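S.K.: Got a predicted structure plus its sequence, pasted below:
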Amino acid sequence: MDLRDAATTPIIPGFFPDPTICRVGDEVFVANSSFEYSPGVPLWRSTDLVTWHEAGNALDDDPAFVAGDAAAGGGVYAPTLRHHDGRFWMITTNVSGAPGQLVSSAPAIEGPWGPARVIEGIRGIDPDLAWDDDGTCLGTYSSNDPDVPGIAQVRVDLDRGVVVGAARSVMAGTGLAYPEGPHVFRRGHWWYLLFAEGGTERGHCVSVARGPAASGPFDLCPANPILTRRSTTFPVQNTGHADMVELADGTWAMVYLGVRPRGATPLFHVNGRETFLAGIDWVDDWPVVVPDRYRVPFGESAFTDRFGESRLHPRWISPGAAPGAFATTGDGLELRALDSDNGAPALLSVRARDPYWQFTAVTDARDGAALRVRMDERHWYELRIVQGRALVHAQIGPVAQEFPSDERLSVHGNIELWVGADAATTGGPDDLVFGVRDASGIHEVIRLDGRYLSTEVAGGFVGRVIGLRADGQPVRFAEVRYEPVEAR
């Protein structure tokens, strides 16, 4: 097995940011942000911390979160996942539609979850749940209330879905920008407040404080920040937004987000913020991060889906609507066009999870089949089949251009629509190469600079997804394949 250093290889690659972790027995569980994509809040399980299996989504067709209400960069922000009194609990912020803090619980990580309840009275993002010694539940969050600045905390009654009493500030941070992503947990006689600072760009970092109770008061660690890659040439940057867990053997580990930028200055990251792993040592009751403690297996992202089940695999997401609203499976995949309230297409998508990859979709359609690589609604490339010919549309901000193929596709048999992320030829992070394959062979349509589908160009909090849609009439797909590849 090919093992990589955890400091440079994500344990959950692709657009899976803001990781939160908890343990039950010998198993550990992670949840991530999902922003405008539905279903929301992907869930993972593992027995060894380095090999992770998708366990579903906490907000799966939940009426409290409707993807069509969430514009690009909106939707579901950083969650916290905890296990208490025999149940999993998940809390997150929905910044779109009817905004508020959403709380859901389940008896098992696979569910059933929900329906989610909205907790009023928490003015902020990145909520955390912690239970004090007397069973009191405390919600700790990044406040956007000017009267309660910094990291704030308030009592929460989960049974009634309400806050109890007034919120108060518990941490102003170390002086860096945007203290956020707090998590409160106990080790021994100390309670710790872990939080992110510096913004989620190159200055991102992890800091910690401790106090005698879950409500503080908290004193800052003299070694803060305990993790950052700012102002270095390390291949993983933007490291922050962490959470810690005690393992069954008494050791501790930390998950955090990072990005893998490539190309010419200013460097471009395209797969979003990914989940990384580090070990934790304790020195004088302060956590010390050991980024390279673990070894991570590489190359587990490939899949082939022939859509033989009536329910989609949890890897499939959409920015414009719940996938079940426009996708039918069981004997292949049928997609229907669907207008959404947020302007995004009904795009059945998966996250790009590797630096270089190939995505192929098999269809018999000679009109209306479309394959898109998307950052948001202003930054995407799409291969379409239009009246028997292939065409690639590039949307970069307000600028749009089309690249039609002169070749007419064979009228016999299936065709394959494909796109690959390949080595860059112009200083970007990669090139995106679009083409088709029919009975006459493989036809490359266009090679486009990948930098325009990067966070550094598009902005925002998400990474690339690769998706299929129907442009007009319903379209059927027999098979979809994704695999990591070596750059050519």
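M.R.: Structure's in. What do you need? These numbers were taken from a predicted model, which means no experiment stands behind them. Numbering: from 1, shown residues only.
S.K.: What distance do you get for N57 to V76?
M.R.: Separation of N57 from V76 (Cβ to Cβ, to the nearest Å): 10 Å. C-beta coordinates here come from the backbone N, C-alpha and C atoms, glycine included.
S.K.: which neighbours do the two share?
M.R.: S34, G40, V41 (Cβ atoms under 8 Å, 6 or more residues apart in numbering).
S.K.: Mind picking out the helix or strand in the chain with the poorest mean pLDDT?
M.R.: The least trusted helix or strand in the chain, going by mean pLDDT, DSSP states H and E, turns out to be strand 3-5, with a mean of 90.
S.K.: In space, what's closest to L102 - neighbours in sequence excluded?
M.R.: Leaving out its chain neighbours, the residue that sits closest to L102 by Cβ to Cβ, 6 or more residues apart in numbering is A116, at 4.3 Å.
S.K.: give me phi/psi at that neighbour?
M.R.: Backbone torsions of A116, given as degrees, to the nearest 10, read phi -70, psi 150.
S.K.: ok, now D69?
M.R.: phi -90, psi -10.
S.K.: Roughly how far does it sit from P42?
M.R.: Counting by Cβ to Cβ - D69 and P42 are separated by 19 Å.
S.K.: Run through the stretch 51-200 of the chain and note the low-pLDDT ranges.
M.R.: Applying pLDDT under 70 to the stretch 51-200 of the chain flags no residue at all.
S.K.: show me the contacts for the residue nearest to N224 when sequence neighbours are not counted.
M.R.: Once flanking residues are discounted, N224 sits nearest to S207: 4.2 Å by Cβ to Cβ, 6+ apart. Contact partners of S207, counting by Cβ under 8 Å, 6+ apart, are 173-174, 176, 179, 194-197, 220-221, 224-226.
S.K.: Could you rerun that using 7 Å?
M.R.: The neighbours of S207, taking Cβ atoms under 7 Å, 6 or more residues apart in numbering as the test, are T174, F195, E197, C221, N224, P225, I226.
S.K.: How about S215?
M.R.: Counting by Cβ under 7 Å, 6+ apart, S215 has contacts L138, Q153, V170.
S.K.: quick revisit: who wins for most neighbours among the contacts of S207?
M.R.: Note: the member of the contacts of S207 with the most neighbours is F195, at 30 neighbours, neighbours being other Cβ atoms under 10 Å.
S.K.: if we can go back for a sec, same drill for D69 and P42, tell me which one is more crowded.
M.R.: Taking other Cβ under 10 Å, D69 and P42 do not tie; P42 has more neighbours (26 against 18).
S.K.: Work out for me the element that one sits within.
M.R.: strand 40-46 (DSSP states H and E).
S.K.: continuing past that strand, what's the next helix or strand?
M.R.: Downstream of strand 40-46 (by DSSP H and E), the next one is strand 53-59.
S.K.: how far is that following strand from where the chain is centred?
M.R.: 12 Å (Cα atoms, centre = their mean, to the nearest Å).
S.K.: what's the helix or strand for the residue nearest to R315 when sequence neighbours are not counted?
M.R.: Leaving aside its chain neighbours, R315 sits nearest to V350 (5.2 Å; criterion: Cβ to Cβ, 6+ apart). Using DSSP H and E, V350 sits in strand 348-351.
S.K.: just checking, what packs against that strand?
M.R.: Here strand 348-351 touches strand 465-470, going by 3 or more Cβ pairs under 7 Å, 6 or more residues apart in numbering; DSSP states H and E.
S.K.: need the contact list for F461.
M.R.: P17, F35, G73.
S.K.: ok, those vs H189, which is closest?
M.R.: P17 (32.9 Å; Cβ to Cβ).
S.K.: Not counting its neighbours along the chain, what's nearest that closest one?
M.R.: R273 (3.6 Å).
S.K.: count of neighbours near the one you found?
M.R.: Neighbour tally, R273, other Cβ under 10 Å: 30.
S.K.: for L193, same thing?
M.R.: 26.
S.K.: Pretty sure it sits in a strand.
M.R.: Yes - L193 forms part of a strand when assessed by DSSP: H, G, I helix; E, B strand; the rest coil.
S.K.: so what strands line up beside the strand holding P42?
M.R.: Applying DSSP bridges, strand 40-46 is found paired with strand 27-31 (antiparallel), strand 53-59 (antiparallel).
S.K.: need those in CSV with mean neighbour count and distance to Q101, can you?
M.R.: CSV is the format used below for the strands paired with strand 40-46 (neighbours: other Cβ atoms under 10 Å; distance: least, Cβ to Cβ, whole Å):
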stretch, mean neighbour count, distance to Q101
strand 27-31, 22, 15
strand 53-59, 21, 13
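S.K.: Mind putting these into a markdown table with distance to E377?
M.R.: As requested, these are exported to a markdown table (distance: least, Cβ to Cβ, whole Å):
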| stretch | distance to E377 |
| --- | --- |
| strand 27-31 | 26 |
| strand 53-59 | 21 |
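S.K.: So which of those strands is nearest G86?
M.R.: strand 27-31 (14.3 Å).
S.K.: Name the residues that touch the closest one?
M.R.: 12, 19-22, 41-47, 49, 52, 58, 79, 81, 90, 109, 245, 255, 275.
S.K.: what about the strand holding P42, average pLDDT?
M.R.: Averaging pLDDT along strand 40-46 yields 97.
S.K.: Numbering from 54 from now on, please.
M.R.: Yep, numbering from 54; the last one is strand 93-99 now.
S.K.: What strands flank the helix or strand following the strand holding V403, and is each parallel or antiparallel?
M.R.: Per DSSP H and E, the first helix or strand lying C-terminal to strand 401-404 is strand 410-416. The sheet places strand 410-416 alongside strand 468-475 (antiparallel), strand 528-537 (antiparallel), with pairing taken from DSSP bridges.
S.K.: Enumerate residues external to the last one that contact any of its residues.
M.R.: Yep, that's strand 528-537 we're talking about. Contacts for strand 528-537 (Cβ under 7 Å, 6+ apart): 352, 354-359, 385-388, 403, 407, 409-418, 421-422, 467, 521.
S.K.: Mark which of these are buried, thanks.
M.R.: Among the contacts of strand 528-537, the ones that count as buried by 16 or more other Cβ atoms under 10 Å are 354, 358, 385-388, 403, 407, 409-416, 418, 421-422, 521.
S.K.: Would you report the backbone torsion angles of R504?
M.R.: Torsion angles, degrees, to the nearest 10, at R504: phi -60, psi -30.
S.K.: quick one: contacts for it?
M.R.: G316, F321, G481, P482, V510.
S.K.: now swap in A405 and tell me
M.R.: G67, N324, A474, G516, R517, V518, I519.
S.K.: Without its sequence neighbours, what residue ends up closest to it?
M.R.: Going by Cβ to Cβ, 6+ apart, A405 has R517 as its nearest residue, at 4.3 Å.
S.K.: distance of the one you found from S91?
M.R.: Separation of R517 from S91 (Cβ to Cβ): 17 Å.
S.K.: go on, T62?
M.R.: Counting by Cβ to Cβ, the gap from T62 to S91 is 29 Å.
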